[in-house]
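Peer 1: sequence-free structure coming up:
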């Protein structure tokens, strides 16, 4: 055996495979497959074998909270307690966001959606609707609200509302509170910082919160995207960014078709930078980076 091969063999012997690392809880292949099935069936989330450790790490928190010693026990509990399903979905959901994330979307929204529409609406007011689908902890809808507030001409009374939805009730609670550490505002342009004020929550003097001018525009609601949507009105713009990456192609294609039907003719759909469409979508035209406009 060559010296290189001997060294490789020694390293292989010294470093155990991931599956051999001792775990706090028994976690069998059947446990993993069962949880993957639940995630897909109830939330449309597609989890590959590469997500095995992610599933273990996140769901293990629920086992500790409930006092279980194995995933088999937890699966039995899930089967008998439908309320726990919401906590399970919350546990495996990924929530990564920030203010003005993918800033080019908000510049396009400001100049090509908000300004033209609001200028065309009579000064007496008009209806304008935006949907933040997969709003996580709220940075996205508050960013949308800040852009809208700055673009609304003074004195005009427009009927403007933002629907902010997520499947995770935990992050929705944080979003509704609208309180964030000062460091979260590093990505907020100076012209929009007036909409965020000291929280005075007694927890951290540097915390800031979205003020009433933003909060009054937003309705936070729990919504599972793969279930029926409880609204009929159409939106001027829909933001669904870095959400569809967790769905398989069939679920993604169906969701896009539903988005098209929920956007007004001429309205815009914004998706994440790492997302792409599979198949033909004749109802949408690419008008910018991951920015699509619905045809007439």
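Peer 2: Happy to help now that I have it. For clarity, every value in this text was computed on a predicted model and none was experimentally measured. Numbers count the residues shown, from 1 in each chain.

Peer 1: my guess is residue 42 meets residue 84, correct?
Peer 2: No: with contact defined as C-beta atoms under 8 Å, residue 42 does not reach residue 84; the gap is 11.6 Å. C-beta coordinates here come from the backbone N, C-alpha and C atoms, glycine included.

Peer 1: neighbours of residue 216, just the number please.
Peer 2: 12 (other C-beta atoms under 10 Å).

Peer 1: measure residue 89 to residue 206 for me?
Peer 2: In this view, residue 89 and residue 206 are 32 Å apart by C-beta to C-beta, to the nearest Å.

Peer 1: for those two, indicate the residue with more neighbours.
Peer 2: residue 89 (18 against 10).

Peer 1: name the nearest residue to the more buried one, sequence neighbours excluded.
Peer 2: residue 43 (5.1 Å; C-beta to C-beta, 6 or more residues apart in numbering).

Peer 1: now do the contacts for the one you found.
Peer 2: Residue 43 makes contact with 89, 92, 93, 167, 224, 226, according to C-beta atoms under 8 Å, 6 or more residues apart in numbering.

Peer 1: phi, psi of residue 236?
Peer 2: phi -70, psi -30 (degrees, to the nearest 10).

Peer 1: mind pulling up the pLDDT for the closest residue to it other than its chain neighbours?
Peer 2: Among residues not flanking residue 236 along the chain, residue 267 sits closest, at 5.0 Å (C-beta to C-beta, 6+ apart). For residue 267, the pLDDT comes out at 95.

Peer 1: give the next helix or strand downstream of the strand or helix carrying residue 267.
Peer 2: Here residue 267 sits within strand 263-271, counting by DSSP states H and E. Using DSSP H and E, the helix or strand that follows strand 263-271 in sequence is strand 284-288.

Peer 1: show residues contacting that following strand.
Peer 2: For strand 284-288, using C-beta under 8 Å, 6+ apart, the contacting residues are 104, 108, 112, 256, 260, 268, 269, 277, 292, 293, 294, 295.

Peer 1: now the first one: how far from residue 80?
Peer 2: Distance, residue 104 to residue 80, by C-beta to C-beta: 48 Å.

Peer 1: between the two, which is the more surrounded one?
Peer 2: More crowded of residue 104 and residue 80, by other C-beta under 10 Å: residue 104, with 14 against 8.

Peer 1: the more buried one touches residue 289, doesn't it?
Peer 2: Yes: the pair residue 104 / residue 289 is scored as a contact, 5.7 Å apart, by C-beta under 8 Å.

Peer 1: give me the contact list for stretch 171-185.
Peer 2: Here stretch 171-185 has contacts from 90, 93, 95, 98-99, 135-139, 141-142, 164, 166, 193, 196, 199, 201, 204, 206-210, 214-215, 220-222, using C-beta under 8 Å, 6+ apart.

Peer 1: go on, stretch 252-269?
Peer 2: So stretch 252-269 is contacted by 44, 108-109, 112-113, 131, 133, 225-226, 229, 234-238, 240, 244, 247, 277-279, 281, 283-284, 287, 291-296 (C-beta under 8 Å, 6+ apart).

Peer 1: I am finished for the moment; much appreciated.
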